[in-house]
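S.K.: Provide a 3D model corresponding to the input given below.
(one chain, ligands or ions: 1)
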Amino acid sequence: DGNSGLELVDRDEEGVDRAFRADVLTGLSEAQKAIPARWLYDDAGSQLFEDITELPEYYPTRAETEILTARGADFALSIGSDRAVVEFGSGSSVKTPLLLRAINPAAYVPLDISGDFLRAAAADLSTKFPGLPVYPVEADFMRKVALPQAVADMPKLGFFPGSTIGNMVARTAVDLLRTMRETLGAGSQLLIGMDLIKDTGVLEAAYDDEAGVTAEFNLNVARRINRELRGTIPVDDLRHRARWNDNFARIEMHLEAQRDLEFNVAGRAFAMAKGETIHTENSHKFDRRSSAILLLAGGWTPVQRWTDEEGRFSLILADA
Ligand code: AVJ
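M.R.: Numbers count the residues shown, from 1 in each chain. Okay, the predicted model is just below:
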(Lines give C-alpha, C1' and ligand atoms only; values in the text may rest on other atoms or scores of the structure.)
Protein backbone atom coordinates (compact mmCIF):
# COMPACT_ATOMS: atom_id res chain seq x y z
CA ASP A 1 0.00 0.00 0.00
CA GLY A 2 3.09 2.17 0.00
CA ASN A 3 2.42 4.06 3.22
CA SER A 4 4.19 1.75 5.64
CA GLY A 5 7.83 2.62 6.13
CA LEU A 6 9.16 -0.90 5.95
CA GLU A 7 7.99 -3.07 3.04
CA LEU A 8 8.48 -6.78 3.64
CA VAL A 9 6.97 -7.77 0.28
CA ASP A 10 9.34 -8.19 -2.69
CA ARG A 11 7.67 -6.70 -5.80
CA ASP A 12 8.83 -6.56 -9.42
CA GLU A 13 8.82 -3.45 -11.67
CA GLU A 14 5.07 -3.88 -12.25
CA GLY A 15 4.31 -4.16 -8.56
CA VAL A 16 3.64 -7.90 -8.67
CA ASP A 17 4.43 -9.80 -5.47
CA ARG A 18 7.19 -12.15 -6.68
CA ALA A 19 6.56 -14.83 -4.05
CA PHE A 20 2.83 -14.88 -4.87
CA ARG A 21 3.52 -15.35 -8.60
CA ALA A 22 6.13 -18.04 -7.99
CA ASP A 23 3.87 -19.97 -5.58
CA VAL A 24 0.86 -19.79 -7.93
CA LEU A 25 2.77 -20.77 -11.10
CA THR A 26 4.48 -23.66 -9.32
CA GLY A 27 1.30 -24.76 -7.57
CA LEU A 28 -0.84 -24.74 -10.71
CA SER A 29 1.80 -26.87 -12.49
CA GLU A 30 1.64 -29.73 -10.01
CA ALA A 31 -0.36 -32.94 -10.56
CA GLN A 32 -2.60 -31.97 -7.61
CA LYS A 33 -2.89 -28.24 -8.14
CA ALA A 34 -2.30 -26.34 -4.90
CA ILE A 35 -1.88 -22.77 -3.68
CA PRO A 36 -0.34 -22.14 -0.24
CA ALA A 37 -3.01 -21.01 2.23
CA ARG A 38 -1.19 -17.80 3.19
CA TRP A 39 -2.36 -16.23 -0.10
CA LEU A 40 -5.99 -16.47 1.05
CA TYR A 41 -5.33 -13.59 3.44
CA ASP A 42 -5.23 -10.37 1.44
CA ASP A 43 -7.40 -7.51 2.74
CA ALA A 44 -10.60 -9.04 1.34
CA GLY A 45 -9.65 -12.52 2.58
CA SER A 46 -8.76 -11.27 6.06
CA GLN A 47 -12.13 -9.49 6.27
CA LEU A 48 -13.93 -12.65 5.10
CA PHE A 49 -12.08 -14.67 7.75
CA GLU A 50 -13.27 -12.18 10.39
CA ASP A 51 -16.83 -12.81 9.10
CA ILE A 52 -16.23 -16.57 9.30
CA THR A 53 -15.41 -16.33 13.01
CA GLU A 54 -18.98 -15.12 13.65
CA LEU A 55 -20.75 -17.89 11.70
CA PRO A 56 -22.92 -20.29 13.72
CA GLU A 57 -21.07 -23.29 12.22
CA TYR A 58 -17.57 -21.95 12.88
CA TYR A 59 -17.00 -22.92 16.53
CA PRO A 60 -13.16 -22.55 17.00
CA THR A 61 -13.10 -18.83 17.80
CA ARG A 62 -15.97 -19.05 20.29
CA ALA A 63 -14.55 -22.19 21.91
CA GLU A 64 -11.08 -20.68 22.35
CA THR A 65 -12.55 -17.43 23.67
CA GLU A 66 -14.56 -19.45 26.17
CA ILE A 67 -11.35 -21.08 27.48
CA LEU A 68 -9.54 -17.73 27.71
CA THR A 69 -12.47 -16.26 29.62
CA ALA A 70 -13.10 -19.19 31.96
CA ARG A 71 -9.50 -20.17 32.77
CA GLY A 72 -7.95 -16.80 33.58
CA ALA A 73 -7.14 -17.78 37.17
CA ASP A 74 -5.37 -20.96 35.98
CA PHE A 75 -3.27 -18.98 33.51
CA ALA A 76 -2.26 -16.49 36.21
CA LEU A 77 -1.08 -19.35 38.46
CA SER A 78 0.84 -21.23 35.74
CA ILE A 79 2.36 -18.27 33.94
CA GLY A 80 2.95 -15.57 36.54
CA SER A 81 3.02 -11.82 35.92
CA ASP A 82 6.74 -11.24 35.33
CA ARG A 83 6.73 -12.34 31.68
CA ALA A 84 6.71 -10.47 28.40
CA VAL A 85 3.91 -11.82 26.20
CA VAL A 86 5.08 -12.27 22.60
CA GLU A 87 2.10 -12.79 20.27
CA PHE A 88 2.82 -14.47 16.92
CA GLY A 89 0.50 -12.77 14.41
CA SER A 90 -1.35 -10.06 16.28
CA GLY A 91 -4.43 -9.96 14.07
CA SER A 92 -6.68 -11.46 16.73
CA SER A 93 -7.78 -8.37 18.60
CA VAL A 94 -10.45 -10.06 20.73
CA LYS A 95 -8.41 -12.82 22.39
CA THR A 96 -5.33 -10.84 23.41
CA PRO A 97 -7.06 -8.61 26.00
CA LEU A 98 -8.54 -11.70 27.65
CA LEU A 99 -5.06 -13.16 28.19
CA LEU A 100 -3.47 -9.86 29.23
CA ARG A 101 -6.26 -9.19 31.73
CA ALA A 102 -5.80 -12.67 33.20
CA ILE A 103 -2.02 -12.67 33.66
CA ASN A 104 -1.18 -8.93 33.88
CA PRO A 105 2.21 -9.33 32.15
CA ALA A 106 5.33 -7.10 32.33
CA ALA A 107 5.21 -6.22 28.62
CA TYR A 108 3.43 -7.09 25.37
CA VAL A 109 5.25 -7.66 22.05
CA PRO A 110 2.92 -8.18 19.06
CA LEU A 111 4.66 -9.63 15.98
CA ASP A 112 3.04 -9.29 12.59
CA ILE A 113 4.14 -9.18 8.97
CA SER A 114 1.56 -6.47 8.24
CA GLY A 115 2.63 -3.10 9.66
CA ASP A 116 -0.91 -1.77 9.34
CA PHE A 117 -2.45 -4.59 11.39
CA LEU A 118 0.36 -4.24 13.88
CA ARG A 119 -0.03 -0.51 14.49
CA ALA A 120 -3.81 -0.82 14.81
CA ALA A 121 -3.50 -3.69 17.30
CA ALA A 122 -0.80 -1.93 19.33
CA ALA A 123 -2.78 1.31 19.51
CA ASP A 124 -5.92 -0.55 20.59
CA LEU A 125 -4.03 -2.44 23.31
CA SER A 126 -2.33 0.68 24.67
CA THR A 127 -5.76 2.26 25.12
CA LYS A 128 -7.16 -0.79 26.91
CA PHE A 129 -4.05 -1.28 29.10
CA PRO A 130 -2.57 2.18 29.80
CA GLY A 131 0.17 0.91 32.14
CA LEU A 132 1.36 -1.93 29.87
CA PRO A 133 4.56 -1.37 27.85
CA VAL A 134 3.79 -2.40 24.22
CA TYR A 135 6.64 -3.01 21.75
CA PRO A 136 5.27 -3.89 18.28
CA VAL A 137 7.66 -5.65 15.88
CA GLU A 138 7.02 -5.85 12.13
CA ALA A 139 8.45 -9.24 11.25
CA ASP A 140 7.91 -12.59 9.57
CA PHE A 141 7.69 -14.92 12.55
CA MET A 142 8.45 -17.96 10.41
CA ARG A 143 12.07 -16.79 10.87
CA LYS A 144 13.92 -16.03 14.09
CA VAL A 145 12.94 -12.54 15.31
CA ALA A 146 15.24 -10.22 17.27
CA LEU A 147 13.05 -9.01 20.15
CA PRO A 148 13.32 -5.42 21.47
CA GLN A 149 16.11 -4.70 23.99
CA ALA A 150 13.49 -3.61 26.53
CA VAL A 151 12.29 -7.21 26.98
CA ALA A 152 15.72 -8.87 26.64
CA ASP A 153 15.96 -9.73 30.34
CA MET A 154 12.34 -10.73 30.87
CA PRO A 155 11.17 -14.35 30.65
CA LYS A 156 8.82 -14.76 27.69
CA LEU A 157 5.41 -16.27 27.07
CA GLY A 158 4.76 -16.98 23.39
CA PHE A 159 1.05 -16.73 22.48
CA PHE A 160 -0.12 -18.43 19.28
CA PRO A 161 -3.93 -18.72 19.36
CA GLY A 162 -6.45 -19.64 16.67
CA SER A 163 -5.06 -23.08 15.78
CA THR A 164 -3.03 -21.34 13.08
CA ILE A 165 -0.42 -24.09 13.61
CA GLY A 166 -3.07 -26.40 12.07
CA ASN A 167 -2.63 -24.67 8.70
CA MET A 168 0.84 -26.18 8.42
CA VAL A 169 1.90 -29.67 7.48
CA ALA A 170 3.88 -31.35 10.26
CA ARG A 171 7.36 -30.54 9.05
CA THR A 172 6.53 -26.85 8.61
CA ALA A 173 4.81 -26.77 12.00
CA VAL A 174 7.87 -28.35 13.65
CA ASP A 175 10.18 -25.83 11.95
CA LEU A 176 7.99 -22.97 13.21
CA LEU A 177 7.86 -24.30 16.78
CA ARG A 178 11.67 -24.59 16.79
CA THR A 179 12.01 -21.06 15.39
CA MET A 180 9.64 -19.76 18.09
CA ARG A 181 11.83 -21.40 20.71
CA GLU A 182 14.88 -19.63 19.26
CA THR A 183 13.02 -16.30 19.20
CA LEU A 184 11.80 -16.66 22.79
CA GLY A 185 14.87 -18.26 24.39
CA ALA A 186 15.55 -20.70 27.20
CA GLY A 187 13.11 -20.63 30.09
CA SER A 188 10.25 -19.42 27.93
CA GLN A 189 6.69 -20.75 27.81
CA LEU A 190 4.27 -21.12 24.91
CA LEU A 191 0.45 -20.91 25.05
CA ILE A 192 -0.85 -22.39 21.80
CA GLY A 193 -4.37 -23.03 20.48
CA MET A 194 -5.02 -26.37 18.76
CA ASP A 195 -8.39 -27.40 17.36
CA LEU A 196 -9.57 -30.92 18.19
CA ILE A 197 -10.68 -33.90 16.09
CA LYS A 198 -14.46 -34.30 16.29
CA ASP A 199 -17.53 -35.47 14.38
CA THR A 200 -16.89 -35.18 10.63
CA GLY A 201 -20.23 -33.48 10.00
CA VAL A 202 -19.45 -30.76 12.55
CA LEU A 203 -15.98 -30.22 11.05
CA GLU A 204 -17.17 -30.09 7.45
CA ALA A 205 -20.01 -27.69 8.31
CA ALA A 206 -17.51 -25.36 10.03
CA TYR A 207 -15.69 -25.07 6.69
CA ASP A 208 -18.74 -25.10 4.40
CA ASP A 209 -21.32 -22.84 6.04
CA GLU A 210 -24.94 -22.31 4.95
CA ALA A 211 -24.41 -18.61 4.23
CA GLY A 212 -21.54 -19.34 1.85
CA VAL A 213 -19.00 -17.07 3.56
CA THR A 214 -16.27 -19.75 3.58
CA ALA A 215 -16.98 -20.39 -0.11
CA GLU A 216 -16.41 -16.67 -0.79
CA PHE A 217 -13.23 -16.79 1.31
CA ASN A 218 -11.92 -19.71 -0.76
CA LEU A 219 -12.97 -18.27 -4.15
CA ASN A 220 -11.31 -14.98 -3.19
CA VAL A 221 -7.88 -16.48 -3.85
CA ALA A 222 -8.88 -17.13 -7.48
CA ARG A 223 -10.15 -13.55 -7.76
CA ARG A 224 -6.86 -12.34 -6.29
CA ILE A 225 -4.90 -14.32 -8.89
CA ASN A 226 -6.99 -12.77 -11.67
CA ARG A 227 -6.47 -9.27 -10.28
CA GLU A 228 -2.79 -9.39 -9.32
CA LEU A 229 -1.35 -11.90 -11.80
CA ARG A 230 -3.31 -11.08 -14.99
CA GLY A 231 -5.34 -14.25 -14.54
CA THR A 232 -8.36 -15.37 -16.55
CA ILE A 233 -9.67 -18.05 -14.16
CA PRO A 234 -13.46 -18.37 -14.67
CA VAL A 235 -14.29 -18.04 -10.98
CA ASP A 236 -18.01 -18.78 -11.53
CA ASP A 237 -17.04 -22.23 -12.84
CA LEU A 238 -15.21 -23.16 -9.64
CA ARG A 239 -16.97 -24.59 -6.62
CA HIS A 240 -15.89 -24.47 -2.97
CA ARG A 241 -15.30 -27.88 -1.38
CA ALA A 242 -14.43 -28.68 2.22
CA ARG A 243 -13.70 -32.30 3.09
CA TRP A 244 -12.27 -34.23 6.01
CA ASN A 245 -9.11 -36.19 5.12
CA ASP A 246 -9.06 -38.85 7.81
CA ASN A 247 -5.58 -40.19 6.95
CA PHE A 248 -4.02 -36.80 7.66
CA ALA A 249 -6.56 -35.67 10.30
CA ARG A 250 -7.31 -32.46 8.47
CA ILE A 251 -10.01 -30.46 6.75
CA GLU A 252 -8.98 -29.65 3.20
CA MET A 253 -10.39 -26.79 1.19
CA HIS A 254 -10.40 -27.14 -2.58
CA LEU A 255 -11.71 -25.25 -5.59
CA GLU A 256 -13.33 -27.78 -7.95
CA ALA A 257 -13.75 -27.22 -11.71
CA GLN A 258 -17.42 -27.57 -12.68
CA ARG A 259 -16.48 -28.16 -16.35
CA ASP A 260 -13.27 -28.52 -18.38
CA LEU A 261 -11.42 -25.22 -18.01
CA GLU A 262 -8.59 -23.41 -19.76
CA PHE A 263 -7.15 -20.18 -18.42
CA ASN A 264 -3.99 -18.05 -18.21
CA VAL A 265 -2.03 -16.76 -15.25
CA ALA A 266 0.90 -14.35 -15.67
CA GLY A 267 1.14 -15.26 -19.35
CA ARG A 268 1.11 -19.03 -18.85
CA ALA A 269 -1.65 -21.42 -19.92
CA PHE A 270 -3.31 -23.90 -17.56
CA ALA A 271 -6.10 -26.43 -17.88
CA MET A 272 -8.37 -28.25 -15.45
CA ALA A 273 -10.55 -31.24 -16.25
CA LYS A 274 -14.11 -31.22 -14.91
CA GLY A 275 -13.95 -32.40 -11.28
CA GLU A 276 -10.25 -31.57 -10.88
CA THR A 277 -9.40 -29.34 -7.90
CA ILE A 278 -6.98 -26.71 -6.65
CA HIS A 279 -6.07 -27.47 -3.04
CA THR A 280 -6.13 -24.16 -1.15
CA GLU A 281 -5.94 -24.89 2.59
CA ASN A 282 -5.32 -27.53 5.23
CA SER A 283 -6.70 -27.22 8.74
CA HIS A 284 -5.21 -30.01 10.84
CA LYS A 285 -7.08 -31.22 13.90
CA PHE A 286 -5.46 -32.82 16.94
CA ASP A 287 -6.07 -35.02 19.94
CA ARG A 288 -4.16 -35.10 23.22
CA ARG A 289 -1.43 -37.37 21.87
CA SER A 290 -0.95 -35.85 18.43
CA SER A 291 -0.72 -32.33 19.88
CA ALA A 292 1.86 -33.49 22.43
CA ILE A 293 3.95 -35.24 19.77
CA LEU A 294 3.94 -32.16 17.54
CA LEU A 295 4.98 -29.87 20.41
CA LEU A 296 7.71 -32.26 21.59
CA ALA A 297 9.09 -32.58 18.05
CA GLY A 298 9.20 -28.77 17.98
CA GLY A 299 11.21 -28.57 21.20
CA TRP A 300 8.34 -27.80 23.62
CA THR A 301 7.17 -29.89 26.58
CA PRO A 302 3.40 -29.65 27.20
CA VAL A 303 2.68 -28.98 30.88
CA GLN A 304 -1.01 -28.06 30.97
CA ARG A 305 -3.99 -28.36 28.68
CA TRP A 306 -7.42 -26.74 28.80
CA THR A 307 -10.49 -27.35 26.65
CA ASP A 308 -13.86 -25.63 26.38
CA GLU A 309 -16.87 -27.19 28.11
CA GLU A 310 -17.86 -29.15 24.99
CA GLY A 311 -14.31 -30.39 24.35
CA ARG A 312 -14.04 -28.87 20.90
CA PHE A 313 -10.81 -26.86 21.19
CA SER A 314 -7.63 -26.95 23.29
CA LEU A 315 -5.21 -24.38 24.67
CA ILE A 316 -1.88 -25.94 25.63
CA LEU A 317 0.83 -24.48 27.84
CA ALA A 318 4.33 -25.79 27.07
CA ASP A 319 7.84 -25.19 28.43
CA ALA A 320 10.90 -24.55 26.29
C1 AVJ B 1 -7.27 -19.11 10.67
C2 AVJ B 1 -6.28 -21.10 9.95
C3 AVJ B 1 -7.33 -21.05 12.03
O4 AVJ B 1 -8.23 -23.27 9.74
O5 AVJ B 1 -9.93 -22.75 10.97
C6 AVJ B 1 -11.40 -20.83 8.52
C7 AVJ B 1 -8.83 -20.59 8.63
N8 AVJ B 1 -10.31 -21.41 6.78
N9 AVJ B 1 -12.27 -21.26 7.59
C10 AVJ B 1 -8.99 -22.43 10.26
C11 AVJ B 1 -10.15 -20.93 8.01
C12 AVJ B 1 -11.60 -21.59 6.53
C13 AVJ B 1 -8.71 -20.94 10.06
N14 AVJ B 1 -7.40 -20.56 10.65
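S.K.: Pretty sure residue 51 sits in a helix.
M.R.: Yes - counting by DSSP: H, G, I helix; E, B strand; the rest coil, residue 51 is part of a helix.
S.K.: neighbours around the residue of the stretch 151-300 of the chain found nearest the ligand, how many?
M.R.: Residue nearest to the ligand within the stretch 151-300 of the chain: residue 283 (3.3 Å; C-beta to the nearest ligand atom). In this view, the C-beta of every residue, glycine as well, is placed from N, C-alpha and C. Residues within reach of residue 283, counting by other C-beta atoms under 10 Å, total 20.
S.K.: which residue sits closest to it, ignoring its sequence neighbours?
M.R.: Leaving aside its chain neighbours, residue 283 sits nearest to residue 251 (4.4 Å; criterion: C-beta to C-beta, 6 or more residues apart in numbering).
S.K.: The one you found: which element?
M.R.: strand 250-257 (DSSP states H and E).
S.K.: list the helices and strands whichever helix or strand comes after that strand packs on?
M.R.: Helices and strands here follow DSSP H and E; after strand 250-257, the next one along the chain is strand 261-265. Counting contacts by 3 or more C-beta pairs under 8 Å, 6 or more residues apart in numbering; DSSP states H and E, strand 261-265 packs against helix 18-29, strand 268-272.
S.K.: In TSV: those, plus mean neighbour count, mean pLDDT and distance to the ligand.
M.R.: As requested, the helices and strands packed on strand 261-265 are exported to TSV (neighbours: other C-beta atoms under 10 Å; pLDDT from 0 to 100; distance: least, C-beta to the nearest ligand atom, whole Å):
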stretch	mean neighbour count	mean pLDDT	distance to the ligand
helix 18-29	16	97	17
strand 268-272	15	98	22
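S.K.: can you tell which of the ones you listed is closest to residue 216?
M.R.: Among these, the nearest to residue 216 by C-beta to C-beta is helix 18-29 (19.4 Å).
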